[in-house]
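J.: coords below, sequence missing:
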């Protein structure tokens, strides 16, 4: 990976040729084998970590003027803490491959232009060389320590579910939280308005596998309540199976995605072997009932996303519902009757009113609850029912035993 990037980034190539012990990890440039003096004036070795910004999948530039440091603050030849580094205590989670690099500090040092004003580094070479001089200079002078070890620190990167580099996770420094999803196999039943947005959100979540199910075809009205562009050119998406449409839309984004034109009921048990969580996004109560039977019989935790809309008279009002059925409690929650398992005759939603923002909101609440349950967001994992009413845009949850 590093050598591939170096072939497209001359500054990374220059650092390698100088002999720096480089690695690229969770969208950071890791520079090991950096000598420094500790508080007793003894030689120690640390590592610098510089966040990368991807201009595309192969071209990178420094994120900013700051750098992370794996080690205590370095000391100078005078026995004092090295001055001019700024920053303070910091943490940054890297992958298992770089578990030996434990970030403890961040440093903030800028160069100055000819007018004496602070300026950004022009490239990785200028940035790494500048920090090396400040951090390692005393150790290099006293002990002749050499940071140019030519050590090959590159290792095959663990398989990612994404076909693109996940620069968002590292940029937001949430790599540790993203690991909560790495063993999840998620099923999405129903890829209509809400289900299509759930799929869009989950495709971008690092769960191991996604299995989608929908037997319908994709028509114009679906384009008005689903994410993404509509392909109307050659090989138009219109009248194609939703399963095929969404498989093609997302197959260049991630691995572990299978969408089938399959109706889900009690006979579909084999399709759910290994599934750790499911989203139910169907608008027919009778279909929901059969899906509940299946998921509860297999003791799979799931969220049912639904909405109840009214137009009597004037603007549409109603409620967006998110109901969570935990493992071992599926039947208990079902008995509370939160999710309808019959088909109301006056449900306006069945007339296919185009309400993409409500579908997206319904999906967002469902995915947010899933991520709360997994520990990604703070929140009450035991909350079974969440309602958002249009009348006052308030979130409600009933008192539960």
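T.: Sure thing, it's come through. Owing to the predicted nature of the structure, the values given are computational and were not obtained by experimental measurement.

J.: burial measure for residue 383, as a count.
T.: 15 (other Cβ atoms under 10 Å). Bear in mind the C-beta positions are built from the backbone N, C-alpha and C, glycine included.

J.: that one against residue 324, yeah?
T.: Yes. At 6.8 Å, residue 383 and residue 324 qualify as touching, with contact defined as Cβ atoms under 8 Å.

J.: quick check: neighbours shared by these two?
T.: residue 369 (Cβ atoms under 8 Å, 6 or more residues apart in numbering).

J.: without its sequence neighbours, what residue ends up closest to residue 239?
T.: Closest residue to residue 239 apart from its sequence neighbours, by Cβ to Cβ, 6 or more residues apart in numbering: residue 217 at 5.6 Å.

J.: number of nearby residues for the one you found?
T.: Neighbours of residue 217 using other Cβ under 10 Å come to 16.

J.: just list whatever residues bridge to it.
T.: residue 241 (DSSP bridges).

J.: wait, what's in contact with it?
T.: Contact partners of residue 217, counting by Cβ under 8 Å, 6+ apart, are 239, 240, 241, 242.

J.: neighbour-wise, which one of the residues you listed leads?
T.: Ranked by neighbour count (other Cβ under 10 Å), these have residue 242 at the top, with 26 neighbours.

J.: that one is in contact with residue 261, isn't it?
T.: Yes. Between residue 242 and residue 261 a contact is recorded at 7.5 Å, counting by Cβ under 8 Å.

J.: where does the stretch 251-400 of the chain dip in pLDDT?
T.: Under the criterion pLDDT under 70, the flagged ranges of the stretch 251-400 of the chain are 344-354, 399-400.

J.: and the residue of the chain positioned farthest from its centre, how far is that from residue 46?
T.: Within the chain, residue 78 marks the point farthest from the mean C-alpha position, 45.9 Å out by Cα atoms, centre = their mean. Distance, residue 78 to residue 46, using Cβ to Cβ, to the nearest Å: 20 Å.

J.: ok, now residue 126?
T.: As judged by Cβ to Cβ, residue 126 and residue 46 stand 20 Å apart.

J.: the helices in the stretch 151-300 of the chain, which residues?
T.: For the stretch 151-300 of the chain, applying DSSP state H, counting those that start in this stretch gives helices covering 167-171, 175-178, 193-203, 220-223, 242-250, 285-297.

J.: which of the ones you listed has the lowest mean pLDDT?
T.: Lowest mean pLDDT within these: helix 167-171, at a mean of 67.

J.: residue 137 sits in which helix or strand?
T.: Following DSSP states H and E, one finds residue 137 within helix 124-143.

J.: now that helix: buried residues?
T.: Judged by neighbour count (16 or more other Cβ atoms under 10 Å), helix 124-143 contains these buried residues: 124-125, 127-128, 130-132, 134-140.

J.: farthest-apart pair in these, please.
T.: 124 and 138 (23.1 Å; Cβ to Cβ).

J.: and residue 369, which of the three is it?
T.: Secondary structure, DSSP: H, G, I helix; E, B strand; the rest coil: residue 369 is helix.

J.: the nearest residue to it once chain neighbours are set aside: helix or strand, and which one exactly?
T.: Residue nearest to residue 369 in three dimensions, not counting chain neighbours: residue 322, with 5.5 Å by Cβ to Cβ, 6+ apart. Residue 322 is part of strand 317-325, with elements assigned from DSSP H and E.

J.: residue 113: how many residues sit nearby?
T.: 10.

J.: would you check that it makes contact with residue 119?
T.: Yes. Counting by Cβ under 8 Å, residue 113 does reach residue 119; the two are 4.6 Å apart.

J.: who touches both of the two?
T.: Counting by Cβ under 8 Å, 6+ apart, residue 113 and residue 119 have no contacts in common.

J.: who touches stretch 311-323?
T.: Outside stretch 311-323, the residues that touch it by Cβ under 8 Å, 6+ apart are 303-310, 333, 338-339, 348, 353, 355, 358, 361-362, 365-366, 369, 384-391.

J.: hmm, 7 Å instead?
T.: Stretch 311-323 is touched from outside by 303-310, 333, 338-339, 348, 358, 361-362, 365-366, 369, 384-391, with contacts defined as Cβ atoms under 7 Å, 6 or more residues apart in numbering.
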